[in-house]
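# fold the stuff below for me.
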Amino acid sequence: MEEMYSIAKREHINIRWWNFHPPIRGAYWAPPDVPPVIFLDYSLSHNTALLRCVFAEELGHHFTLDRHCLCQPYFNYRDRLNISRSEFRACRWAAQYLMPKQRVFNALKNGYVNKWDLAEYFEVIEDMVNFRMNLPDMQSIVLHSNNITGGEINGL
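I've put the predicted structure just below:
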């Protein structure tokens, strides 16, 4: 967690805790000419794995989003696709940050072959493990780990 706070500080991102209504757990806001803000839901303070995932995804928005593209309502299918693309990019950034390829390989080699074991090892939620393991850069790792373990990664 400290590393993510350090990244936010280095990038001049303010962190604010907020009372969101589910399912919203976090938000990234970057209006022109003011420092960006990451809002995190107070409920995350009781769930470290979910906090790490939400915080990393919001940082992912900072590193992958066009600064001139702010949160806005969508009105047509193209707008929805653009929102989906930006969410995917942010989640991909978060997954690669929280679960670096070499560390995943090492974890698999050391017997962490269940998604819940990997989630615990990386302090993330199982959905993040699923997302990470399905990214294209992980396919060679998954195939290689199947050769090491003699089977498939369980639960993925």
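
# if you drop the residues flanking it in sequence, what lies closest to residue 54?
Once flanking residues are discounted, residue 54 sits nearest to residue 26: 4.2 Å by C-beta to C-beta, 6 or more residues apart in numbering. Every residue, glycine included, has its C-beta placed from N, CA and C.

# my guess is the one you found contacts residue 57. True?
Yes. The criterion here is C-beta atoms under 8 Å, and residue 26 meets it with residue 57 at 6.9 Å.

# for the most centrally placed residue in the chain, list the residues it contacts.
Centroid check for the chain by C-alpha atoms, centre = their mean gives residue 94 as the closest residue, at 3.0 Å. Residue 94 makes contact with 53, 56-57, 59-60, 128, according to C-beta atoms under 8 Å, 6 or more residues apart in numbering.

# leaving out sequence neighbours, find the closest residue to it.
Distance criterion C-beta to C-beta, 6+ apart; nearest residue to residue 94, sequence neighbours excluded, is residue 56 at 3.6 Å.

# would you mind writing the CA trace of the helix or strand hosting that neighbour as PDB?
Using DSSP states H and E, residue 56 sits within helix 48-64. The C-alpha atoms that make up helix 48-64 are tabulated as PDB, following Å, rounded to 0.1, in the frame of the first residue of the first chain:
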ATOM      1  CA  THR A  48      -6.900  -4.900   2.200                       C
ATOM      2  CA  ALA A  49      -7.100  -7.000  -0.900                       C
ATOM      3  CA  LEU A  50     -10.100  -5.100  -2.400                       C
ATOM      4  CA  LEU A  51      -8.500  -1.800  -1.400                       C
ATOM      5  CA  ARG A  52      -5.300  -2.700  -3.200                       C
ATOM      6  CA  CYS A  53      -7.200  -3.600  -6.300                       C
ATOM      7  CA  VAL A  54      -9.400  -0.500  -6.400                       C
ATOM      8  CA  PHE A  55      -6.500   1.800  -5.600                       C
ATOM      9  CA  ALA A  56      -4.400   0.300  -8.300                       C
ATOM     10  CA  GLU A  57      -7.200   0.500 -10.800                       C
ATOM     11  CA  GLU A  58      -7.700   4.200 -10.100                       C
ATOM     12  CA  LEU A  59      -4.000   4.700 -10.400                       C
ATOM     13  CA  GLY A  60      -4.300   2.800 -13.700                       C
ATOM     14  CA  HIS A  61      -6.800   5.500 -14.900                       C
ATOM     15  CA  HIS A  62      -4.200   8.100 -14.200                       C
ATOM     16  CA  PHE A  63      -1.600   6.400 -16.300                       C
ATOM     17  CA  THR A  64      -3.800   5.200 -19.100                       C
END
